[in-house]
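Participant: build the 3D model from these lines:
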Amino acid sequence: MKEKVFSRYQVYVIALLAILQFTVVLDFMVLSPLGAQLMQVLHLTTSQFGLAVSGYAFSAGLSGIMAAGFADKFDRKKLLLFFYTGFITGTFLCSIAPDYHFLLAARIITGFFGGVISSISYAIISDLFELKVRGRVMGFVQMAFASSQVMGIPVGLYFANRVGWHAPFVIITIVSIIEFITIAINLRPITAHLKLKSERGPFQHLFKTVAQPNYLLVFLFSTLLVTGGYMLMPFGSAFSVNNLGISMGQLPLLYFITGIFSMAAGPLIGNLSDIIGKFKVFGLGSILALVIILYYCNLGVTPFWIVVALNTALMMGVLSRMISSSALITAIPDANDRGAFMSINSSVQQLSGGIASVFAGLIVVQSGSGTLKHYDTIGYIVVATILLTIVILRSINRYVMKKTPTAEISYTNPDKTLVIPVEVQVETNI
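Facilitator: Below is the predicted model:
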C-alpha cells in the first residue's frame, strides 16, 4: 500500500494557508484590474496610480523588517492572527475610502500588516513539511494567485462594474473574517521552533540574520524576482483595454480563463519541481516568460482569443518561477532563523516591488487617446531581470544541493507531537 505523502492535518493546513494567501493576494492583485476604472473615476494620473500600488509595497517592506527580529520569538499562529487582524482592518478601510488620499492611506495600512502574512505562512510550511515535498505544498498554496483570477478578480470586477470599485474590498473583508475565525479555532499552536534556544535579542537576531553571507544572495534574487511583476502588473488592465482593444466587459472573462488554466497548472508545476528539480522548472518557466513578454509588450490592437492565449502562457511561466523558487529558498535558513529570514525576504520583495511600481509609473505615459506609451520599455527591463535571476538561482541551487539531507527531529508539545524537518547547515557558502 502506497504511503500517504501528507497527513490529514497537513492537508487541512495546506487548505488553510491557500485560502489565507487567496485573500492577501486578491487584495493586492485586485487593484491592478481596477486600474482602468480608478484612473477614470478618481481622475488619477499613471504616477498617482503607481503610488497607490507601491504604497502597499513600501509599508509591507517596512513592517517585515520591523517584525523580523520578533518572528522566531512567538507562536507562529498567534503572530499570524495578529497581522491578519490588521490586514482585515486595512481592507475594510479600502472598502469605505471616499477619495484617493484616503485610499492611499488605507493601502498603506493594509500593506503594513498584509505584507508579513506570506512570510509567516512560508515559515509554517518550512516547519511542517520536508523539503522533498515543499514543491507540492507551494504548488497548492500558490494556487491562491490563480484562484484570485478565477473566483476573486472576475467577481470583484463584476460587482465593481455593477456597484462601484469599493465592492471587491467589501467581499475580501467578509471572506477574510471567516478565514480568521477558522484559523483561530482549528490551527494548532506552532511553537516547536521556540525549543531551539537562542540567546539573541530581537534586534541582534535581525542583524545576525541580515549579515548571514548565505542569505544575502537570496535577498538579491528576491529583489530581481519581483521587479517584473510589480512593473508589468499595475498597468496590465489599462494596457489590455487601451492598447490591445479589450473591452471592460471582457476583462473578467480574460482573468477567469487565465485563472482556470493556472489553477490546474499550480499543483502539477509543484509536483514537477519535486520530481525533476526546482531549478530546472524555474529555468523553463523563465524562458517561457521572457519570450511571451518580449512579444506581448509590443502588441497593438489584438483579437481577444490571442490575448487570452498569451496571458495564459505568461501565467504558466510566472507560476513555474514562483512555485519552484519559493520551495527552493525555504531550504536556505536555519530552523531557528526561518521566521526572521522569511520576514526579511518578504520585506526585500515588497520594497523592491514598490520601487519598481514607482519607476513603472514614471516610464509609462498615457496619451490623449488613452493608449499607454513605453510599455515595451518595461518589457525589456523585465526580461533583463529574468536572465539575472536564472544565473543567481543556479548558485543558490548548488548551495542547497551541497547541504546535509533533511533530518527529522521530533519535538513533543504538551498537547501534540509535531515533527519538524530541519535542514542541517554545513559550512558552505553560496
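
Participant: for the helix or strand that contains A360, buried residues please.
Facilitator: According to DSSP states H and E, A360 maps onto helix 338-363. Buried residues in helix 338-363, counted by 16 or more other C-beta atoms under 10 Å: 338-361, 363. From N, CA and C alone the C-beta is placed, and that goes for glycine too.

Participant: against which helices or strands is that helix packed?
Facilitator: helix 46-68, helix 100-128, helix 202-211, helix 213-232, helix 375-402 (3 or more C-beta pairs under 8 Å, 6 or more residues apart in numbering; DSSP states H and E).

Participant: and the fourth one, what other elements does it pack with?
Facilitator: When you say that, I think you mean helix 213-232. Under the contact criterion of 3+ C-beta pairs under 8 Å, 6+ apart, helix 213-232 touches helix 46-68, helix 278-296, helix 304-329, helix 338-363, helix 375-402.

Participant: and of those helices, who's closest to R188?
Facilitator: Ranking these by proximity to R188 (C-beta to C-beta) places helix 338-363 first, at 17.0 Å.

Participant: rewinding a little: what about the helix holding A360, average pLDDT?
Facilitator: Helix 338-363 carries an average pLDDT of 79.

Participant: okay, angle between it and helix 213-232 too, please.
Facilitator: 30 degrees (axes from the mean of the first three to the mean of the last three C-alpha atoms, to 10 degrees).

Participant: tell me where the stretch 1-150 of the chain is predicted with low confidence.
Facilitator: Within the stretch 1-150 of the chain, the ranges that satisfy pLDDT under 70 run 1-5, 36, 69, 145-146, 148-150.

Participant: hmm, back to that, nearest to A289, out of the helices and strands packed on helix 338-363?
Facilitator: The closest of these to A289 is helix 375-402. By C-beta to C-beta, the value is 6.2 Å.

Participant: tally of neighbours for P33?
Facilitator: Neighbour count for P33, taken as other C-beta atoms under 10 Å: 27.

Participant: so it, which of the three states?
Facilitator: Secondary structure, DSSP: H, G, I helix; E, B strand; the rest coil: P33 is coil.

Participant: find the nearest non-adjacent residue to it, please.
Facilitator: S237 (4.3 Å; C-beta to C-beta, 6 or more residues apart in numbering).

Participant: next: F22.
Facilitator: Nearest non-adjacent residue to F22, counting by C-beta to C-beta, 6+ apart: A144, 4.1 Å away.

Participant: how about F159?
Facilitator: The shortest distance from F159 to any non-neighbouring residue, by C-beta to C-beta, 6+ apart, is to A167 (3.6 Å).

Participant: let me see the contact set for that neighbour.
Facilitator: Contacts of A167 were listed using C-beta atoms under 8 Å, 6 or more residues apart in numbering, and they are G156, F159, A160.

Participant: tell me the one among those residues nearest to I185.
Facilitator: G156 (27.2 Å).

Participant: circling back: any idea how far the residue nearest to F159 is from Q37?
Facilitator: 11 Å (C-beta to C-beta, to the nearest Å).

Participant: so which of the helices and strands packed on helix 213-232 comes closest to A264?
Facilitator: Nearest to A264, of all those, is helix 304-329, at 10.2 Å by C-beta to C-beta.

Participant: enumerate the positions of the closest one that are buried.
Facilitator: Under 16+ other C-beta under 10 Å, the buried positions of helix 304-329 are 304, 307-308, 310-329.

Participant: repeat for stretch 12-28
Facilitator: Buried positions in stretch 12-28, judged by neighbour count with 16+ other C-beta under 10 Å: 13-14, 16-28.

Participant: give the other helices and strands that the one helix or strand D274 maps to contacts.
Facilitator: Following DSSP H and E, one finds D274 within helix 251-276. Here helix 251-276 touches helix 131-141, helix 143-147, helix 153-162, helix 236-242, helix 278-296, helix 304-329, going by 3+ C-beta pairs under 8 Å, 6+ apart.

Participant: gap between the last one and the chain center?
Facilitator: If I follow you right, that is helix 304-329. Taking C-alpha atoms, centre = their mean, to the nearest Å, one finds helix 304-329 lying 13 Å from the centre of the chain it belongs to.

Participant: then the fifth one?
Facilitator: Relative to the chain's own centre, helix 278-296 is displaced by 18 Å; criterion: C-alpha atoms, centre = their mean.

Participant: quick one: work out the angle between it and helix 375-402.
Facilitator: Here helix 278-296 points in a direction 170 degrees away from that of helix 375-402 (the same axes, to 10 degrees).

Participant: show residues contacting helix 278-296.
Facilitator: 135, 228, 232, 269, 272-273, 310, 313-314, 316-321, 323-325, 327-328, 379-380, 382-383, 386-387, 389-390, 393-394, 397.

Participant: nearest residue to I125 in space, ignoring adjacent ones along the chain?
Facilitator: In space, I125 is closest to V137, 5.5 Å off (C-beta to C-beta, 6+ apart).

Participant: these two touch, right, the one you found and G270?
Facilitator: Yes: between V137 and G270 there is a contact at 7.1 Å, judged by C-beta atoms under 8 Å.

Participant: now the common contact residues for those two.
Facilitator: With contacts taken as C-beta under 8 Å, 6+ apart, the residues that reach both V137 and G270 are A327.

Participant: what secondary structure does the residue nearest to L244 when sequence neighbours are not counted sit in?
Facilitator: Among residues not flanking L244 along the chain, T302 sits closest, at 4.8 Å (C-beta to C-beta, 6+ apart). Classification of T302 using three-state DSSP returns coil.

Participant: ok, T302 to F239 distance?
Facilitator: Counting by C-beta to C-beta, the gap from T302 to F239 is 11 Å.

Participant: same question for S324.
Facilitator: Using C-beta to C-beta, we find S324 at a distance of 27 Å from F239.

Participant: now, which of the buried residues of stretch 12-28 sits nearest A265?
Facilitator: Looking across the buried residues of stretch 12-28 and measuring by C-beta to C-beta, the closest to A265 is A18, at 14.8 Å.

Participant: much appreciated, bye for now.
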